[in-house]
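Q: I'll drop the sequence and a predicted model, then ask my questions.
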Amino acid sequence: MSLSGFPCLSTSELRKEGIPEPWTFGHEDIVRFSELDVLNHVNNAAYVVWLENARISYFVNYGISDYVSENRPTLVVRSLQLDYHAPLHLGQKYIVATRSAQYGRTSWTMKHAIFCDGDVKAEAACTIVTIDGKTGKSVPLNQSLIDTISKRDSAVKRDRR
């Protein structure tokens with residue numbers, strides 16, 4: 001399934017690749033030479049780019065933002081935590097699985113896992129905040145976004161925030 005050139009893997013495709021529940025969205029790619037460091041494995045900075053690419057694909061495919069309309073929400077990554085488990089190397093196919101886990105009043109938490117051959121190579125969590133593009137202040141999540149992440153990812157409401 002793809003919308004506006006942002007490819008994603010379906011849930012059934014993820015299962016065929018050995019990626020378990022609760023993951024329902026994935027972005028597939030291969031390790032490029034430009035992503036390697038002097039030790040011939042993927043540089044830490046490349047993982048951040050991979051997560052961003054998967055997040056943008058998720059936002060577009062889930063109708064959260066199209067990144068072109070004037071009325072699109074302004075989405076900002078407030079925090080990102082990334083845990084590395086095992087290296088990836090040139091030419092390996094990987095899948096960044098992405099889902100929304102929790103939401104609050106003005107932000108939500110997304111989880112990511114980078115899989116290769118069915119094994120988790122890295123995990124990440126990030127907090128996304130919706131802000132008013134003119135004032136830079138946070139604004140409440142719209143109900144459409146909450147409905148989408150609740151239905152598609154079973155995201156739950158946080159106790160606070």
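A: Done, it's in.
Q: residue contacts, the closest residue to residue 154 other than its chain neighbours?
A: Once flanking residues are discounted, residue 154 sits nearest to residue 22: 6.6 Å by Cβ to Cβ, 6 or more residues apart in numbering. In this view, the C-beta of every residue, glycine as well, is placed from N, C-alpha and C. Contacts for residue 22 (Cβ atoms under 8 Å, 6 or more residues apart in numbering) come out as 99, 153-154.
Q: what's the closest non-adjacent residue to residue 146?
A: residue 103 is the one closest to residue 146 (Cβ to Cβ, 6+ apart), at 5.9 Å.
Q: bridged to that neighbour, which residues?
A: residue 108, residue 157 (DSSP bridges).
Q: can you say which helix or strand has residue 76 in it?
A: According to DSSP states H and E, residue 76 maps onto strand 74-84.
Q: returning to what we had before: tell me how far the residue nearest to residue 154 lies from residue 113.
A: From residue 22 across to residue 113, the span is 10 Å (Cβ to Cβ, to the nearest Å).
Q: could you export the strand holding residue 76 as CSV, CA atoms only?
A: Extracted C-alpha coordinates of strand 74-84, given in CSV (Å, rounded to 0.1, in the frame of the first residue of the first chain):
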residue,chain,number,x,y,z
THR,A,74,2.8,21.1,12.8
LEU,A,75,4.4,18.0,14.2
VAL,A,76,7.6,18.2,16.3
VAL,A,77,9.8,15.5,17.7
ARG,A,78,10.2,16.5,21.4
SER,A,79,12.3,13.6,22.5
LEU,A,80,13.9,10.5,21.0
GLN,A,81,15.4,7.5,22.8
LEU,A,82,17.3,4.9,20.7
ASP,A,83,18.7,1.6,21.9
TYR,A,84,21.0,-0.3,19.7
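Q: can you list the strands that that strand pairs with?
A: By DSSP bridges, strand 74-84 pairs with strand 119-131 (antiparallel).
Q: helix, strand or coil for the most centrally placed residue in the chain?
A: Residue closest to the mean C-alpha point of the chain, counted by Cα atoms, centre = their mean, is residue 55 at 3.4 Å. Assigned with DSSP: H, G, I helix; E, B strand; the rest coil, residue 55 falls in the helix class.
Q: and the strands in this protein?
A: 2-3, 6-7, 26-30, 74-84, 93-103, 107-116, 119-131, 156-157 (DSSP state E).
Q: so for the first one, mean pLDDT?
A: By that I understand strand 2-3. For strand 2-3, the mean pLDDT works out to 44.
Q: ditto for the last one
A: With pLDDT averaged residue by residue, strand 156-157 scores 96.
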